[in-house]
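Undergrad: Just need the structure, nothing else, for what follows:
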Amino acid sequence: MSGLSKGAKFEDWQLRQSLFKAVLRPFPGSSDAITHEYDPGEIREWQNDILRELADDLEVSANEGKEVHGGVEDFYRGLPVQLNVAQQNIINAVGPDMEKKGVTKIVPEETIGGPEVGFVGTPDMVGHDDVGKIKALWDIKTCSASAFAGFKTESSLYQNWRLQQGGYCILLGDHHIPKAQILSDREGEDRSCKIIDYSEGDRWSLAFRHEMISWFYRNDYYPWKLWEEDKGGIIERATAAMDVVRRLQFADASI
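TA: The predicted structure is shown next:
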């Protein structure tokens, strides 16, 4: 599912970071561009320095995101964990949200969906009530201070994040189950966080359906064929999968 929901935003971010670094690290001799003779080796070295810095930034951001996710998820697993400020802020924000949504237990990284749909998803946190019914989903995203400030409403969030929520709607079979984005500022001193609820599940489930069917055809991936060729010969499941895909192709926002 993550492959479908990845948009161009990450590539845009990489491009912006590369441009920023090129501006902050002027090419040697650029101040005297008319008379300076450029050495191809010099240019390659300058480019490689920028790429190395970009790779280092990506690694740092990824590690920070993993750390935030890991601590929060271990907390809800009941494991002993020393929470940092960012993790504690998230847990403090989720508590009241759980109560509001009728959640009494959170299961981290619970896989939802099934093979009959052709894909599965793993939200960061799945909220259940006392009888085990899924009542809410949360996904955690760490972001820069500038992005954090700009994320104020559902419509301000990245499109691929909203597309991912549409996929969860299909997996749950119900776009009315509350889904929310937990945003954590990885740069601010206080490591603030905020929760933004999604309310357009019907719209984005339709968008996800379109992306999924397109992906099936582009990659020659047809789950019903795989099951039909299975040694167990589970034709019933193959037929069910075909029905699901037909519904996905021509569905409205009825789920």
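
Undergrad: contact partners of the strand ranked longest in the chain?
TA: Counting residues, the longest strand found in the chain (DSSP state E) is strand 134-143. Contact with strand 134-143 is made by 61, 64-65, 68-69, 72, 86, 90, 94, 97-98, 101-103, 106, 112, 123-129, 151, 161, 164-165, 168, 172, 177-186, 195, as judged by Cβ atoms under 8 Å, 6 or more residues apart in numbering. Where C-beta positions appear, they are placed from N, C-alpha and C, glycine not excepted.

Undergrad: Show the average pLDDT along that strand.
TA: The pLDDT scores in strand 134-143 average 92.

Undergrad: Partner strands of that strand and their direction?
TA: strand 125-128 (antiparallel), strand 179-185 (parallel) (DSSP bridges).

Undergrad: how about whatever helix or strand comes next after it: buried residues?
TA: Proceeding N to C from strand 134-143, the next assigned helix or strand is helix 145-150, under DSSP states H and E. The neighbour-count check on helix 145-150 (16 or more other Cβ atoms under 10 Å) flags 147, 148 as buried.

Undergrad: Show me what the mean pLDDT comes to for the helix or strand where residue 46 lies.
TA: Applying DSSP H and E as the criterion places residue 46 in helix 40-76. Taken as a whole, helix 40-76 has an average pLDDT of 73.

Undergrad: From residue 203, how far off is residue 155?
TA: Between residue 155 and residue 203 the distance is 11 Å, computed by Cβ to Cβ, to the nearest Å.

Undergrad: of those two, who's got more company?
TA: residue 203 (16 against 10; other Cβ atoms under 10 Å).

Undergrad: Let's verify that one: helix, strand, or coil?
TA: helix (DSSP: H, G, I helix; E, B strand; the rest coil).

Undergrad: Need the pLDDT of it.
TA: 82.

Undergrad: Next: residue 158.
TA: Residue 158 is assigned 82 on the pLDDT scale.

Undergrad: how many neighbours does it have?
TA: Using other Cβ under 10 Å, residue 158 has 20 other residues around it.

Undergrad: what's stretch 75-91 in contact with?
TA: With Cβ under 8 Å, 6+ apart as the test, stretch 75-91 has contacts from 67-68, 71-72, 74, 106-108, 125, 140, 142, 182, 184-186, 190-193.

Undergrad: Could you grab the helix/strand/coil label for residue 106?
TA: Classified using three-state DSSP, residue 106 is strand.

Undergrad: how much space between it and residue 180?
TA: Applying Cβ to Cβ, the value for residue 106 to residue 180 is 12 Å.

Undergrad: cool, residue 212 as well?
TA: Relative to residue 180, residue 212 is positioned 23 Å away (Cβ to Cβ).

Undergrad: next one: residue 105
TA: Between residue 105 and residue 180 the computed distance is 17 Å (Cβ to Cβ).

Undergrad: what about these two, which has more around it?
TA: Neighbours were tallied for residue 105 and for residue 180 using other Cβ under 10 Å; the higher tally belongs to residue 180 (20 against 13).
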